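I would like to see how this sequence folds:
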Amino acid sequence: MTRLEARDLAWGWASVLAVGMAAGVALSLHWDPLAGPEYWTWPWRRIETGRIVPAMALAAVPFFGAQWAVATGRLARGRALLLLALSTFAMQLVAIAIQGPGFELSRIVFAVSHPVITSYFTDASALGSVVEALAEYPERMAGFHLHSINKPPGPVLYYAGWLSLLSPKTAALVGGLATGLFAAGSVPATYGLARRLGAGREASFSAASYMALCPSLILFFPGFDPAWPLVTCAVVASWSLALDRGAPGWAILAGVAVALAAFLSFGLLVVGFFLAGQGVLHVVRGSDGGLGRLVSSALWLLATVGALYGALYVATGYDPIATFGAALENQVRHSATLGRPWPTTVVFDLTDFALGTGWMSFLLVFFWFRRRWRQQPILYSDWMAWLAVAQVGLVAIAGLIPVETARVWAFLLPLFLLPVGLELSQWPLAARVSVYVALWVLTVLIGQNLVFLGA
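Residues are numbered from 1 along each chain as shown. Below is the predicted model:
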């Protein structure tokens, strides 16, 4: 490392930690701008430090134990990823349980069962026949509760499945816990996706490590949003494999993943921009198969989505196009009552997303850009990282999914953290771990001082 590079790294390290410290102080002082703009703010609160900090510290032990074990060669990264995921799940449990008067997992049941906090369980309870509900879904949506009115049937059917097996209270608990496991699973999935997009093992592990501590992933449990990054990883990774290997099986798998995404949340489909960018880059770089492979893979993907939804329509009468139209109409009507002034939302959507990533991520991305801009050659992982940042920028500028972006943009985390991991992998171990400590502190402070689930 040259003297200039060492100086840049030292400056970056100091700047990132300074941002983390400033954000921590501002949170503790309940500085209003951190809670959002006038048209949408997260409510302030104060959980006793003695209640939340020791419990969150205990939950973080597997995370920091994994960092030590990997650094000393005592544990392979594959197994260490399981420890990271375990830590994420444990911190999710603490974050929700600590909100009650004691330390109670019944808070999961409360949040899942609440008609406004999550909504899907409430609407599943009154769903009736699944086949009839799917056939009438577009017409029924207007009568659903807050979060169900603009979603496809996946989340409601998820809880309908648990309700068909268990008592309501147990179904809410088990279903909520399962969403937490899906969210924790996005930590190793982020590692796998980063590797697929060209990052090395150290960079991929750094991205997964940052992911494991993200406020968005931990503090919105037991909502569905922390589970969506797992779907993003499946969609992007399978499409990448289809382009690289040219086998129809991978394109079919990508089609299955896209169909699942469209059945769970229409918002996930904005990842199509990233998929398109991957396809264009595949052709421009002169990769194997070129334009022919891109067209073939895209046709297999679309045919798979069409076949799956065609079969579902024949079996149940479910109309995905009519459902999308109803969701869009409901969303427009709902947004009109909230006052979300575009283009003002562009800035505040980005700041709220920064809140969900612990703010430091934006500065890490900036330093990665600054470093890579001056270096050659441009690697495949560089193109993917630029495309990931462009994906986030596009969603913000277009106002496609405005407000509460700390929650609703969680599915973009595996992409956005690629350049974060690439940057952190260039830092000494002590500097990386200090960033993780700062991120853990910020996650604890956000959970202590802001209300995300209204619980």
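
isn't Gly223 right next to Val408, touching?
No. Using C-beta atoms under 8 Å, Gly223 is not in contact with Val408, being 9.9 Å away. In this view, the C-beta of every residue, glycine as well, is placed from N, C-alpha and C.

Tell me which of the two has more neighbours.
Gly223 (26 against 23; other C-beta atoms under 10 Å).

Give me the secondary structure label for the more buried one.
Under the three-state scheme (DSSP: H, G, I helix; E, B strand; the rest coil), Gly223 adopts coil.

For it, which non-adjacent residue is spatially closest?
Thr118 (5.7 Å; C-beta to C-beta, 6 or more residues apart in numbering).

count of residues packed around the one you found?
27.

Under the pLDDT cut-off, which ranges of the stretch 1-150 of the chain? List them.
1-5 (pLDDT under 70).

For it, which segments count as helices?
3-28, 49-59, 61-71, 77-97, 106-113, 120-125, 130-135, 137-140 (DSSP state H, counting those that start in this stretch).

hmm, back to that, how much space separates the residue nearest to Gly223 from Phe411?
17 Å (C-beta to C-beta, to the nearest Å).

for Ala431, same thing?
The value you get for Ala431 to Phe411, if C-beta to C-beta is used, is 29 Å.

the more surrounded of those two?
Phe411 (27 against 17).

The more buried one against Pro226, yeah?
No. Using C-beta under 8 Å, Phe411 is not in contact with Pro226, being 9.3 Å away.

hey, which helix is longest across this structure?
helix 168-196 (DSSP state H).

what mean pLDDT does the very next helix or strand once past that helix have?
In the C-terminal direction, the helix or strand that comes right after helix 168-196 (DSSP states H and E) is helix 201-212. Taken as a whole, helix 201-212 has a mean pLDDT of 98.

now stretch 295-304: how far from the chain's centre is it?
26 Å (C-alpha atoms, centre = their mean, to the nearest Å).

change the start of the numbering to 26 and stick with it
Sounds good: first residue 26 from here, last item stretch 320-329.

Check which residues of that stretch are buried.
Judged by neighbour count (16 or more other C-beta atoms under 10 Å), stretch 320-329 contains these buried residues: Ser321, Ser322, Ala323, Trp325, Leu326, Thr329.

just stretch 189-208 next, same as before
Pro193, Ala196, Ala197, Leu198, Gly200, Gly201, Leu202, Thr204, Gly205, Phe207, Ala208.

again, but for stretch 411-426
Buried-residue list, stretch 411-426, by 16+ other C-beta under 10 Å: Trp411, Leu412, Ala413, Val414, Gln416, Val417, Val420, Ala421, Gly424, Ile426.

Which element, helix or strand, includes the third one?
What it means is Ala413. Going by DSSP H and E, Ala413 is in helix 405-423.
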